[in-house]
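Participant: coordinates only, sequence not included:
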C-alpha cells in the first residue's frame, strides 16, 4: 500500500509550495464557514493549480448539495473529506453525485467509536480517524488514544489525524501502523497560519517514519 501525507487547511501560496516541495501527497482545503482556515472555491482552485502533483481534498461539514456544487465548480476536488455528522446514506449520495473518492472523518474516543466507524466502511473510499471535536470539528490539535485503532483491520484505506506534529508523527505511525497521516494545526504558528518550515519538517519526519515502518 502506498503512503500518504496530507497537509490540511492550506490558504496561502507559500504553504502549498512548501507542501509540494517537501513531498506531501494530498492538500486539503477547508470550506467550513466557522474555521479560520476557510477558503473560497475560487481561491482553492487557484492554489491547487500551483501544485498539480498534489491530490486536492475538499473538507466540508454537513454541507448541502448547493454548497458542494459551488466547491466542485471552483476546485474540482479529487477527493471529498466529510467532517461532520453525515450518515452513511449521505456519504454514499455524495460519492454517487460527483464520482470522486469520498473520505469520511470519524472522531475516536472510545471503542464504541470504532464500531461507528465500521458503518462507513461500505460507503466511503477512505476513513479518517480524528480526535473528538473541540472548538472546531477538526484541526484542534487534540490527540486521541492511538491504541484504540492499533491492531484494527479495515477493508478501506484510512488516514490518521488529530494533534500530529513533526515530533510525534513517527510514534503515531509506529504504533498504529498507518500508511497515511493528516496534519493541520501541527504545522501552524498561529491558528490558521501555516508555516512552510513546519510543513517541511512534518513531511520529512512522516516520510522517514514510513520508510522505517513500511519499507
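Facilitator: Received it, and whenever you're ready, just let me know what you need. These numbers were taken from a predicted model, which means no experiment stands behind them. Numbers count the residues shown, from 1 in each chain.
Participant: CA atoms for contacts and neighbours, from now on please.
Facilitator: Will do.
Participant: SS state for the most centrally placed residue in the chain?
Facilitator: Among the residues of the chain, the one closest to the centroid is residue 182, at 4.8 Å (C-alpha atoms, centre = their mean). Judged by DSSP: H, G, I helix; E, B strand; the rest coil, the three-state class of residue 182 is strand.
Participant: residue contacts, residue 106?
Facilitator: By C-alpha atoms under 8 Å, 6 or more residues apart in numbering, residue 106 lies in contact with 83, 113, 116, 117, 127, 128, 129, 130.
Participant: The closest residue in space to the fifth one that isn't next to it in sequence: neighbour count?
Facilitator: Closest residue in space to residue 127, ignoring its immediate chain neighbours: residue 158 at 4.5 Å, by C-alpha to C-alpha, 6 or more residues apart in numbering. Other residues lying near residue 158 total 21 when counted by other C-alpha atoms under 10 Å.
Participant: Okay, residue 158 and residue 118: tell me how far apart.
Facilitator: Distance, residue 158 to residue 118, by C-alpha to C-alpha, to the nearest Å: 12 Å.
Participant: Kindly report the same for residue 75.
Facilitator: As judged by C-alpha to C-alpha, residue 75 and residue 118 stand 30 Å apart.
Participant: neighbour-wise, which of these two wins?
Facilitator: The neighbour comparison of residue 75 against residue 118 (other C-alpha under 10 Å) goes to residue 75, with 23 against 13.
Participant: nearest residue to that one other than its sequence neighbours?
Facilitator: residue 45 (4.1 Å).
Participant: That neighbour - that's part of a helix, no?
Facilitator: Yes. With three-state DSSP as the criterion, residue 45 is assigned to a helix.
Participant: What score does it have for pLDDT?
Facilitator: For residue 45, the model assigns a pLDDT of 97.
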